[in-house]
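[1] below is the sequence, then the predicted model.
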Amino acid sequence: MADYADVHRRSLSDPEGFWGEQAALVSWFHKPTRVLDADSPPFFRWFSDGRLNTCYNALDRHVIAGRGDQTALIYDSPVTGTTESFTYATLLQDVAAFAGALRDLGVGQGDRVVIYMPMVPEAVVAMLACARLGAVHSVVFGGFAANELAVRIDDAQPRVVVSASCGIEPSRVVEYKPLLDRALELADHEPASCVVLQRPQAEATLVEGRDLDWATAMRAGRTNPAPCAEVAATDPLYILYTSGTTGRPKGILRDNGGHAVALAWSMRNIYDIEAGQVWWTASDVGWVVGHSYIVYGPLIAGATTVLYEGKPVGTPDAGAFWRVVADHRVEALFTAPTAIRAIKKEDPEGILVAAHDTTSLRHLFLAGERLDPGTYEWAGRILGVPVVDHWWQTETGWAVVANLRGLDPMPTRPGSPSVPVPGFDVQVLLPDGSVAGPNQEGSLALRLPLPPGTLQTLWHDDARYVSSYLAAFDGYYLSGDGGYVDDDGYVYVMGRTDDVINVAGHRLSTGAIEGVLAGHPAVAECAVIGAADALKGQVPRGLVVLKAGVDPTGVAAELVAAVRDQIGPVAAFKDVEIVAGLPKTRSGKILRRTMRQLADGEHPTVPSTIEDPSVLTALEPILRRE
């Protein structure tokens, strides 16, 4: 294995040479001769004169290489009792057919297609079909509220919307079509067509002249399947909306060439996954993790990817993940810490693991929310495999800090996602823009240019891209997260910079306090917010969810004592509430800012991405002390 330090050093000192070599990991119609285009900073472009097709790299080239009979996609749906496998050859046939159907509906290169679907194979087919045509897809999480879907339709202005009649939750069926119809009533933009996948759990009424049944579209497409379009490496592959601080969504724009190269490199070097191996990302195609590591990354690498329509608990129990690993001989699982905490809460002793043969599993990768040491240690103990924390964002598209399992694995450390990934120049900056010393907390920033695979800009909004990410420190992308780097180069991400609180003049990280709370054996998950205080400016308030069956007596006092012991009296930590649940986005992020605003007496706009509004409603009187 190559030496991490040498590879990282070269990636920064000679980015053109380094990424020029990695470009060979993908297939090009016209190989790039220009690796980095830096003529118009801060808008950098990778492989600008290269031409390729992302769908070709994900499907066609594997079939051409003689691996068409290998399983490309395993669909596992405990909510419907369905399991289905697709070879590379059959998936290619389906994608080419649906691309033909989209083409017949007028979709061409550069046109946008909004995809509003549950975790079904057709969602993957739709994404790859757009890529095949050179169209730009924008996946919106299935079941999103109609007004939020309308905002995205107006921004992306799709020629076609692809949807399904319904999604299926453990306890209910969510009808998508009425939400889509309402969104189209609210939106100013009117797509030419909607393609609707009819699911038997709740079939939808189609609008004559606008709506087309998926099965009908596929029959037509199979008679004249679409070939791969040649696109420039810098042409957009997708728009993915992330919530902005103003309430207006930000459309992250990803290119084709840099994206394909970065994901191909990451599958080998970060995740240690090669062609033919089974990989499972337990996320959703509506999020960046689903884009990068359910669909594009594993398929570009020639691996087998698992698409799971279920939950970590409740479909049917907290052993669901281990059942999937055993059934499909999964070698690496990638999910969010929230999912593991949910399993830990229901099965704190890990008893359900023993019911399944998980010996195929080599690694558990976690990202999306701060991984507390307690969850890290619990997962490692019950699974007996390395638990690999890594840090990245929707904007970066792939890991910024990780423990590179396929390059030069290093010892993992609780609380740290390890070291900067080659291509990323991670710096900790102080408010004056100077670089922090070892173990000194500041803003985590990435020196420009960002490597391939990261965002190009925001859809139709270069000015907002600059003001949101590049304006704070000249020559740097501001991540919005705070943290520090220790003496050995390990990065510690302490949470969003707006989660740093000021207690009587002392700056404290809520993430550090959360780390102490999460270490208590009774705690399943927790959040700490800084609430306004007339005397001290701010004081920390803790909200904790206990593991199933735990007696809450005395736990709050023990937690207060633990923070005093491990952080000190300066934290002024005296306030702990034991609650039934914490409000989260659908991707698992805890809504700390919203809770802080409620505690301060404000009336925040509840993020559209909230998973269960009733959890926040139940907490509101506690936060407001009503």
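    Ah, there it is. All values reported here derive from a predicted model rather than from experimental measurement. Numbering: from 1, shown residues only.
[2] go ahead and confirm residue 527 touches residue 545.
    No: using Cβ atoms under 8 Å as the test, residue 527 is too far from residue 545 to be in contact (9.0 Å). All C-beta atoms are positioned from the backbone trio N, CA, C, and that covers glycine.
[3] what is in contact with those two at once?
    Contact criterion Cβ atoms under 8 Å, 6 or more residues apart in numbering; residues shared by residue 527 and residue 545: residue 582.
[4] okay, the two: which has more neighbours?
    Set residue 527 next to residue 545 and count neighbours by other Cβ atoms under 10 Å: residue 527 wins out with 23 against 19.
[5] where's that one relative to residue 598, distance?
    Here residue 527 is placed at a distance of 12 Å from residue 598 (Cβ to Cβ, to the nearest Å).
[6] try residue 302
    Taking Cβ to Cβ, one finds residue 302 at 48 Å from residue 598.
[7] where in the stretch 351-500 of the chain is pLDDT low?
    Along the stretch 351-500 of the chain, segments meeting pLDDT under 70 span 497-500.
[8] pretty sure residue 218 contacts residue 101?
    Yes: using Cβ under 8 Å, residue 218 makes contact with residue 101 at a distance of 6.4 Å.
[9] of these two, which one has the most company?
    The residue with more neighbours, out of residue 218 and residue 101, is residue 101; 29 against 18, by other Cβ under 10 Å.
[10] so which helix or strand takes in the more buried one?
    helix 88-104 (DSSP states H and E).
[11] same question, residue 241
    Using DSSP H and E, residue 241 falls in strand 236-242.
[12] just checking, what packs against that strand?
    Contacts defined by 3 or more Cβ pairs under 8 Å, 6 or more residues apart in numbering; DSSP states H and E place strand 236-242 against helix 121-133, strand 136-139, helix 146-156, strand 250-255.
[13] redo those as CSV? Include mean pLDDT, mean neighbour count and distance to residue 176.
    Below are the helices and strands packed on strand 236-242 laid out as CSV (pLDDT from 0 to 100; neighbours: other Cβ atoms under 10 Å; distance: least, Cβ to Cβ, whole Å):
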stretch, mean pLDDT, mean neighbour count, distance to residue 176
helix 121-133, 98, 27, 12
strand 136-139, 98, 25, 13
helix 146-156, 91, 21, 9
strand 250-255, 96, 24, 21
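[14] quick one: closest of those to residue 623.
    Among those, the nearest to residue 623 by Cβ to Cβ is helix 146-156 (24.1 Å).
[15] from the chain's centre, how far out does the closest one sit?
    Relative to the centre of its chain, helix 146-156 is centred 20 Å away, using Cα atoms, centre = their mean, to the nearest Å.
[16] what's the answer for stretch 296-304, then?
    Counting by Cα atoms, centre = their mean, stretch 296-304 comes out at 17 Å from the chain centroid.
[17] what's next to it, contact-wise?
    26, 54, 57-59, 62, 67, 70-74, 128, 259-260, 263-264, 266-268, 273-279, 281, 305, 328, 398.
[18] narrow the residues you listed to those in strands?
    71, 72, 73, 74, 278, 279, 281, 305 (DSSP state E).
[19] pLDDT, distance to residue 196 and neighbour count for those - can I get that in CSV?
    Formatted as CSV, these follow (pLDDT from 0 to 100; distance: Cβ to Cβ, whole Å; neighbours: other Cβ atoms under 10 Å):
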residue, pLDDT, distance to residue 196, neighbour count
71, 98, 28, 18
72, 98, 25, 25
73, 98, 22, 23
74, 98, 25, 21
278, 98, 32, 21
279, 98, 30, 25
281, 98, 26, 25
305, 98, 25, 23
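[20] which one of the residues you listed is nearest to residue 181?
    For these, the minimum distance to residue 181 (Cβ to Cβ) is 29.9 Å, reached by residue 73.
[21] thought that closest one was touching residue 83?
    No: using Cβ under 8 Å, residue 73 makes no contact with residue 83, being 11.4 Å away.
[22] which secondary structure element is home to residue 544?
    Per DSSP H and E: strand 537-546 holds residue 544.
[23] buried set for that strand?
    538, 539, 540, 541, 542, 543, 544, 545, 546 (16 or more other Cβ atoms under 10 Å).
[24] could I get the buried residue list for stretch 410-427?
    Residues of stretch 410-427 classed as buried: 412-427 (neighbour count, 16+ other Cβ under 10 Å).
[25] stretch 525-534 too?
    By neighbour count with 16+ other Cβ under 10 Å, stretch 525-534 contains the buried residues 525, 526, 527, 528, 529, 530, 531, 533.
[26] before we move on, what SS does the closest residue to residue 423 other than its chain neighbours have?
    Of all residues not flanking residue 423 in the chain, residue 451 sits nearest, at 3.1 Å (Cβ to Cβ, 6 or more residues apart in numbering). Put simply, residue 451 is coil when judged by DSSP: H, G, I helix; E, B strand; the rest coil.
[27] identify the residues contacting residue 451.
    Residue 451 touches 11, 15, 19, 46, 258, 262, 422, 423, 424, counting by Cβ under 8 Å, 6+ apart.
[28] mind putting these into a markdown table with distance to residue 375 and secondary structure?
    Below are the contacts of residue 451 laid out as a markdown table (distance: Cβ to Cβ, whole Å; DSSP: H, G, I helix; E, B strand; the rest coil):
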| residue | distance to residue 375 | secondary structure |
| --- | --- | --- |
| 11 | 31 | helix |
| 15 | 35 | helix |
| 19 | 35 | helix |
| 46 | 36 | strand |
| 258 | 33 | helix |
| 262 | 28 | helix |
| 422 | 27 | coil |
| 423 | 28 | coil |
| 424 | 25 | coil |
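[29] relative to residue 357, which of these is nearest.
    Distances from residue 357 to the contacts of residue 451, taken by Cβ to Cβ, are shortest for residue 262, at 33.9 Å.
[30] could you report the neighbour count for that closest one?
    30.
[31] just the one 3 residues further on next, same as before
    If you count neighbours by other Cβ under 10 Å, residue 265 ends up with 29.
[32] can you check the pLDDT for it?
    We have a pLDDT of 98 for residue 265.
[33] please, which helix or strand holds the residue lying closest to it once chain neighbours are set aside?
    Spatially, and ignoring its direct neighbours in sequence, residue 265 is nearest to residue 22 (5.0 Å; Cβ to Cβ, 6+ apart). Secondary structure from DSSP H and E places residue 22 in helix 15-22.
[34] what are the buried residues along stretch 15-26?
    Neighbour counts over stretch 15-26 (16+ other Cβ under 10 Å) mark 15, 18, 19, 20, 22, 23, 25, 26 as buried.
[35] repeat that for stretch 547-561.
    Residues of stretch 547-561 classed as buried by neighbour count (16+ other Cβ under 10 Å): 547, 550, 555, 556, 559, 560.
[36] now the second one: phi and psi?
    By that I understand residue 550. phi -80, psi 140 (degrees, to the nearest 10).
[37] my guess is it contacts residue 522. True?
    Yes: here residue 550 reaches residue 522: they are 4.6 Å apart, a contact under Cβ under 8 Å.
[38] can you get me a residue count around residue 574?
    13.
[39] gap between it and residue 528?
    The span separating residue 574 from residue 528 equals 12 Å under the rule Cβ to Cβ.
[40] residues contacting the helix holding residue 101, please?
    Counting by Cβ under 8 Å, 6+ apart, residues outside helix 88-104 touching it are 55, 59-60, 62-63, 67-73, 86, 113, 121-122, 124-126, 128-130, 132-133, 135, 160, 195, 217-218, 220-227.
[41] can you check stretch 348-359 too?
    317-319, 322-323, 325-326, 347, 378, 381-383, 524, 547-549.
[42] for the record, mean pLDDT for stretch 611-625?
    89.
[43] in it, what's buried?
    Neighbour-count burial for stretch 611-625 [16+ other Cβ under 10 Å]: 611, 615, 616, 619, 622, 623.
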